[in-house]
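In: coords please:
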Amino acid sequence: MSVQYSYVIHDIITVQSEVGLPELEPFLVAEPILEPDIQVSIGMPARKPHSQTDPHTRHLYYQEAFKILGFEAEIEIGEKVKVTASPLLRYSPHVLYTNLVEPILRWSFVERGYALVHGATIAFGNAAYMITARTDTGKTTTLLKILNHQRRDTDTAAFISDDLTLISPDGIAMTYPKPLTISHHTVQAVNSAVLTRKERLALLLQSRVHSRSGRRFAFSLAKLNSLPTATINMFVQMVVPPPKYQVTRLVPKVKLVRKAKLTGLFIIEVGATMDRLLEPKEAMEILLANCEDAFGFPPYHSIKEFLYNSNGNDLRPVEQDIVRQAFQGIPTMLIRNNTLEWWRRIPVFVGDEVAAYFTERPQPIPGSFRDPAHVHV
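Out: Just a heads-up that it's a prediction; the model follows:
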């Protein structure tokens with residue numbers, strides 16, 4: 001029997017996989033799971049359902065060019081979810097997770113009353129603040145710089161999540177601590193000494209291959225359905241793995257928390273300098289658009305309807321309701337500038353005791369983010 005990696009995510013979903021999934025490593029448990037909610041296997045995906053007798057089991061087959069040498073997968077959803085991925089995906093675990101397992105997890109969480117939101121989340125004491133933006137805007141650098149300035153024993157900042165945050169309808173943000181994908185610029189902005197010389201040299205190549213422009217080019221290719229984009233991505237990451245590191249490696253002495261109460265939402269954008277408190281409807285439209293933006297890589301557009309149409313029930317409005325309930329009454333501040341120094345501005349709206357470490361004169365806009373009279377319900 002092959003080695004099995006078992007993951008328990010906040011006692012909500014269990015995953016068992018024949019391949020170690022680095023993004024789920026913080027949820028790894030030692031004991032095998034007898035009946036996992038999601039089973040990931042490596043083998044020969046089947047074009048047709050294994051059983052024609054169970055009307056409650058749904059089946060999907062996805063294949064790109066090159067057949068066994070390409071990106072190929074089978075998803076079977078019944079009481080449990082069974083995923084069979086083609087053999088070469090064993091050697092590209094980041095692609096296996098990001099392109100296949102994570103979309104399944106997204107809609108599996110919704111079925112259980114939770115939502116995976118595209119946002120970095122940091123806690124100050126018991127208060128959680130989420131930072132969201134379009135993909136590759138600068139959430140990771142912003143998060144790391146704030147945490148890097150909050151490493152004293154008396155500081156209150158703690159890491160919850162970087163790329164995705166798991167939220168509940170009652171406004172609790174739960175950690176989803178995937179390793180952070182960094183660039184040469186990102187690590188220089190924090191402290192390049194945290195990496196070894198070998199890792200810094202490798203990062204020069206990794207940053208070029210997995211750069212912002214490289215990912216945008218890949219998304220452009222994804223729109224051309226004639227190209228086997230997921231297969232290309234699989235081979236690229238087999239040769240040059242993405243530069244992913246846990247936050248504890250990048251920010252020594254960083255504090256970690258598993259959950260905190262959502263207290264504020266920041267939307268960061270590039271553009272003419274402006275801080276603006278958003279109306280709830282506009283804030284939710286932007287946040288939900290950013291969430292969808294995070295799941296745009298193949299084969300997502302080919303499998304999403306299969307995943308969110310749960311036995312005839314569309315899970316998309318369910319997810320939207322979870323997000324709206326979680327952020328009800330929570331103020332949203334849009335922070336826009338061309339200097340990309342959102343990390344200096346965000347603490348101003350958290351509190352004077354935090355802002356003092358980021359700017360000489362912390363002056364929030366009168367009647368803005370921290371004014372209870374302007375908190376929307």
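
In: start to end distance for stretch 31-46?
Out: 29 Å (CA to CA, to the nearest Å).

In: Same check on stretch 251-267?
Out: Length of stretch 251-267, first residue to last, CA to CA: 23 Å.

In: What of stretch 125-139?
Out: Start-to-end, stretch 125-139 (CA to CA) is 21 Å.

In: how about low-confidence regions in the stretch 151-300 of the chain?
Out: 211-227 (pLDDT under 70).

In: Let's see that with 90 instead.
Out: Scanning the stretch 151-300 of the chain for pLDDT under 90 picks out the ranges 151-156, 181-195, 200-233, 235-236, 240-242, 252-253, 273-274, 290-298.

In: What are the boundaries of the helices in the stretch 101-250 of the chain?
Out: Assignment of helices within the stretch 101-250 of the chain using DSSP state H, counting those that start in this stretch yields the ranges 102-111, 139-148, 184-190, 197-209, 212-222, 229-239, 247-250.

In: right, so of these, which gets closest to Ile346?
Out: Closest of the helices of the stretch 101-250 of the chain to Ile346 is helix 139-148, at 6.6 Å (criterion: CB to CB). (Each C-beta comes from the backbone N, C-alpha and C, glycine too.)

In: Touching that closest one from outside, list them.
Out: Identification of contacts with helix 139-148 by CB atoms under 8 Å, 6 or more residues apart in numbering yields 119-120, 122, 131-133, 157, 159, 162-163, 180-182, 185-186, 189-191, 247, 250-251, 254, 268, 340, 342-343, 346-347, 358.

In: Separate out the buried members of these.
Out: Buried members of the contacts of helix 139-148, counted by 16 or more other CB atoms under 10 Å: 119-120, 122, 131-133, 157, 159, 162-163, 180-182, 186, 189-190, 247, 250-251, 254, 268, 342-343, 346-347, 358.

In: follow-up on the earlier one: Gln328: which of the helices of the stretch 101-250 of the chain is closest?
Out: helix 102-111 (17.8 Å).

In: What are the contacting residues of the closest one?
Out: So helix 102-111 is contacted by 9, 12-13, 15, 23, 37-38, 75, 81, 83, 115-116, 166, 295, 300, 303-304, 307-308, 310, 315, 318-319, 322 (CB under 8 Å, 6+ apart).

In: Looking at that helix now, give me its mean pLDDT.
Out: Averaged over helix 102-111, pLDDT sits at 97.

In: Name the residues of it that are buried.
Out: Glu102, Pro103, Ile104, Leu105, Arg106, Trp107, Ser108, Phe109, Val110, Glu111.

In: Direction included, what does the lengthiest strand in the chain pair against?
Out: Identified as the longest strand of the chain according to DSSP state E is strand 259-270. Its sheet considered, strand 259-270 pairs with strand 127-132 (parallel), strand 172-174 (antiparallel), strand 332-337 (parallel) by DSSP bridges.

In: Next, the angle from that strand to helix 139-148.
Out: Counting by axes from the mean of the first three to the mean of the last three CA atoms, to 10 degrees, strand 259-270 lies at 120 degrees to helix 139-148.

In: what about strand 259-270, distance to the chain center?
Out: Distance of strand 259-270 from the chain centroid (CA atoms, centre = their mean, to the nearest Å) equals 14 Å.

In: buried residues in that strand?
Out: Using 16+ other CB under 10 Å as the test for burial, strand 259-270 gives Lys259, Ala260, Leu262, Thr263, Gly264, Leu265, Phe266, Ile267, Ile268, Glu269.

In: for stretch 83-95, same thing?
Out: Val83, Thr84, Ala85, Ser86, Leu88, Leu89, Ser92, Pro93, His94, Val95.
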